[in-house]
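Chemist: Predicted structure and sequence below. I'll ask about it afterward.
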Amino acid sequence: SGMPWVVREGGAGVAVPVEDVAAWRDAIRAFQRDPHYREGCGAQGQRALCKKFALDRCVESIASEYAAVVPDAAVAAPDKDLLIVIPARNEAETIAAVIRSLHEAGWRDVIVVNDQSTDATGAIAAAAGATVLSPVLPLGAWGAMQTGIRYALRHGYRQVVTIDADGQHE
């Protein structure tokens with residue numbers, strides 16, 4: 001979350017140590033006693049959010065991160081050297097749409113690491129055009145990502161991007 005930045009850098013509040021109950025009490029009382037202080041922090045917070053976390057700023061930031069990972073040549077031919085790895089567990093409702101959106105964007109090499117799903121995640125992912133790995137033991141999200149990365153290394157991919165299986169993140 002960007003809240004610590006908004007509070008510290010944006011001057012939109014008071015940061016106190018989690019374990020310092022007296023500091024929490026004092027900070028809360030200061031906000032209760034002084035409506036101008038409270039309103040000022042709120043206004044500062046709004047300005048700080050717009051400065052750092054406005055949609056266009058976030059888009060720029062995400063695009064620059066992607067550009068650092070995927071050089072221009074890979075963007076021009078996205079399926080050449082890059083593998084998309086999707087760890088998934090019980091994502092039958094969303095996995096097809098995620099894979100479809102990747103294919104529509106030009107990404108062809110998509111692997112789903114089906115981490116012990118009890119629904120049809122694996123079958124749906126395969127039907128949507130992804131390669132599906134189904135480990136025999138549960139791995140968790142990080143273990144599933146590592147499995148996909150190992151697969152990429154063994155199959156000669158130079159780059160890997162991991163994404164979520166439910167489509168909630170860009």
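Modeler: Good, I have the coordinates.
Chemist: Tell me where the longest strand sits in the chain.
Modeler: strand 82-88 (DSSP state E).
Chemist: who touches the residue located most distally from the centre of the chain in this structure?
Modeler: In terms of distance from the mean C-alpha position of the chain, Arg33 ranks first, at 39.1 Å (Cα atoms, centre = their mean). By Cβ atoms under 8 Å, 6 or more residues apart in numbering, the contact set of Arg33 is empty. In short, each C-beta sits where N, CA and C put it, glycine included.
Chemist: Pop out the phi and psi values for it.
Modeler: Backbone torsions for Arg33, taken as degrees, to the nearest 10, come to phi -80, psi -30.
Chemist: Check the secondary structure at Gln168 for me.
Modeler: When classified by DSSP: H, G, I helix; E, B strand; the rest coil, Gln168 comes out as coil.
Chemist: Next: Asp164.
Modeler: Per three-state DSSP, Asp164 ends up coil.
Chemist: Give the partner strands of the longest strand of the chain in its sheet and their orientations.
Modeler: Here strand 82-88 has these sheet partners by DSSP bridges: strand 110-114 (parallel), strand 159-162 (parallel).
Chemist: Any regions of the chain where pLDDT drops low?
Modeler: 1-2, 65-80, 169-170 (pLDDT under 70).
Chemist: For the top helix by length along it, name the packing helices and strands.
Modeler: Using DSSP state H, we find that the single longest helix of the chain is helix 35-53. On a contact count with 3 or more Cβ pairs under 8 Å, 6 or more residues apart in numbering; DSSP states H and E, helix 35-53 meets helix 3-8, helix 21-33.
Chemist: want to try CSV for those, with distance to Gly140 as columns?
Modeler: Shown next, in CSV, are those (distance: least, Cβ to Cβ, whole Å):
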stretch, distance to Gly140
helix 3-8, 27
helix 21-33, 34
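Chemist: contacting residues around the longest strand of the chain?
Modeler: 70, 74, 95, 98-99, 102, 107, 109-115, 117, 121, 125, 130, 139, 141, 144-145, 148-149, 151-152, 155, 157-165.
Chemist: Give the PyMOL command for selecting the buried subset of those.
Modeler: A single PyMOL command is used to select the members of the contacts of strand 82-88 judged buried by 16 or more other Cβ atoms under 10 Å:
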select buried, resi 74+95+98+99+102+107+109+110+111+112+113+114+115+117+121+125+130+139+144+145+148+149+151+152+157+160+161+162+163+165
